[in-house]
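Chemist: Predicted model and sequence follow; I will ask about them next.
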Amino acid sequence: MTASRTPRTVVVTGASGGIGRATAVEFGRRGDRVALLARGEAGLAAAADEVRAAGGTPLVVPVDVADADAVEAAAQRVEDELGEIDVWVNVAFTAAFAPFHELTAAEYGRVTEVAYLGFVHGTMSALRRMRPRDRGVIVQTGSALGRRGIPLQSAYCGAKHAIKGFTESVLTELKAEGSNVHITRVDLPGVNTPQFSWVLNKMPKRPQPVAPIYAPELMGKAMVHAAAHPRRRAWWIGTPTVYTVLGAEVWPQFMDWYLARNGVDGQLTDTDATPADPVNLHEPADADRDFGAEGRFSDQQWTWDAQIWASRYHGAVAAVAGAGLLAGVSALARRRT
């Protein structure tokens, strides 16, 4: 943190593990006051230690984001103990890894309540406080799968598509009233998080992210950068996110064929699933055990991507490209004279 920067009050949902935890720690490095919202007590305690060690001030607030009243109470506690909320980051989700026909209505409903309505509840509580003050930032964790559905993840893909739609509606409403409150969405690729260790899984093999697999710490940096630059309505993070979005828009029939052919096996490891595998759909898997930010694929994860760098510094990239183009045109003109 630089000496001139004023610490902010930040709320991160899903902060006990994965992307939420990495994001919370990254805010901590900036010296911010970080409220950690999640269900798992062991994960929350460990996340608080990491935020504190990074230089931030943590506040642990156990909450299930599917409960709108509990989220509202959490938001009020944050303001009472840390001060007015400057940034709210929605990350919390759960998922079910199975063909659609093998899911029950209750399982599908639970994923939707957490992974979609949890974002709605968080956004509502944030806006109740930010709109009257006419300032604040909301960051939604989107996904490449919110632009293109894939097999075995229909509930999660549906939630991410819904987040895109409702966020765009809220964004236009804020613009219509001339509000200085900003909302932005960050679409992420496959990430090495603990969800692949605790997701509800009905397949014979344990699941894995769609390759290439990215480090959650890299995603945390992207989330914090988006919070600092909220006028950009959406961010595509990672090379596979770009080609997934473009493929879905330009040639959806090819994407249908490709995912039908490769989408199932590409999400399965060679390791057998067992009844003893943890499941966090209804109860937190990290209540008594801390899973950390990273999952089981740390030896495979990417910690850098040219597309992410270019997305962050797109102005400089455009300037360099423009200068190169101008130099080329000038050289060609000189040859012709």
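Modeler: Cool, got the structure.
Chemist: tell me the secondary structure for the most centrally placed residue in the chain?
Modeler: Nearest to the mean C-alpha position of the chain, counting by C-alpha atoms, centre = their mean, stands T141 at 3.1 Å. Classification of T141 by DSSP: H, G, I helix; E, B strand; the rest coil places it in strand.
Chemist: distance of it from P216?
Modeler: Distance of T141 to P216, given as C-beta to C-beta, to the nearest Å: 11 Å. All C-beta atoms are positioned from the backbone trio N, CA, C, and that covers glycine.
Chemist: what sits in contact with each of these two?
Modeler: I19 (C-beta atoms under 8 Å, 6 or more residues apart in numbering).
Chemist: returning to that earlier point: quick check: pLDDT value at the residue nearest to the centre of the chain.
Modeler: T141 is assigned 98 on the pLDDT scale.
Chemist: How about the contacts made by it?
Modeler: Counted by C-beta under 8 Å, 6+ apart, T141 has contacts 19, 89-91, 93, 185-186, 188, 223.
Chemist: before we move on, what about Q307?
Modeler: 236-239, 242.
Chemist: Now do it against P240, distance only.
Modeler: Q307 is 9 Å from P240, by C-beta to C-beta.
Chemist: swap in G247?
Modeler: 10 Å.
Chemist: Looking at the two, which one has more neighbours?
Modeler: P240 (22 against 18; other C-beta atoms under 10 Å).
Chemist: Now name the helix or strand holding the more buried one.
Modeler: Assigning secondary structure by DSSP states H and E places P240 in helix 239-250.
Chemist: who's in contact with that helix?
Modeler: 144-145, 147-148, 187-190, 210, 212, 236, 254-255, 305-307.
Chemist: Would you list the buried entries among those residues?
Modeler: 144-145, 147-148, 187-190, 210, 236, 255, 305, 307 (16 or more other C-beta atoms under 10 Å).
Chemist: quick one: secondary structure of L36?
Modeler: Going by three-state DSSP: L36 is strand.
Chemist: ugh, typo on my part, it should be D288
Modeler: From three-state DSSP, the assignment for D288 is coil.
Chemist: Please apply the same query to R206.
Modeler: strand.
Chemist: Would you indicate which residues of the helix holding P240 are buried?
Modeler: Neighbour-count burial for helix 239-250 [16+ other C-beta under 10 Å]: 239-242, 244-245, 247-248.
Chemist: Just the CA atoms of it, as PDB, please.
Modeler: The C-alpha trace of helix 239-250 is given here as PDB (Å, rounded to 0.1, in the frame of the first residue of the first chain):
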ATOM      1  CA  THR A 239      -7.200 -16.600 -23.300                       C
ATOM      2  CA  PRO A 240      -9.800 -19.500 -23.000                       C
ATOM      3  CA  THR A 241     -12.400 -17.000 -21.900                       C
ATOM      4  CA  VAL A 242     -11.800 -15.000 -25.000                       C
ATOM      5  CA  TYR A 243     -12.100 -17.900 -27.500                       C
ATOM      6  CA  THR A 244     -15.100 -19.300 -25.600                       C
ATOM      7  CA  VAL A 245     -17.000 -16.100 -25.800                       C
ATOM      8  CA  LEU A 246     -16.100 -15.500 -29.400                       C
ATOM      9  CA  GLY A 247     -16.800 -19.100 -30.400                       C
ATOM     10  CA  ALA A 248     -20.200 -18.900 -28.800                       C
ATOM     11  CA  GLU A 249     -21.000 -15.700 -30.700                       C
ATOM     12  CA  VAL A 250     -19.400 -16.600 -34.100                       C
END
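Chemist: Okay, angle between the next helix or strand after it and helix 239-250 too, please.
Modeler: Following helix 239-250 in sequence order, the next helix or strand is helix 252-262 (DSSP H and E). Calculated by axes from the mean of the first three to the mean of the last three C-alpha atoms, to 10 degrees, helix 252-262 forms an angle of 130 degrees with helix 239-250.
Chemist: who does helix 252-262 touch, helix- and strand-wise?
Modeler: helix 239-250 (3 or more C-beta pairs under 8 Å, 6 or more residues apart in numbering; DSSP states H and E).
Chemist: For the helix it packs on, what does the pLDDT average out to?
Modeler: 97.
Chemist: The helix holding P240: how far from the chain's middle?
Modeler: 18 Å (C-alpha atoms, centre = their mean, to the nearest Å).
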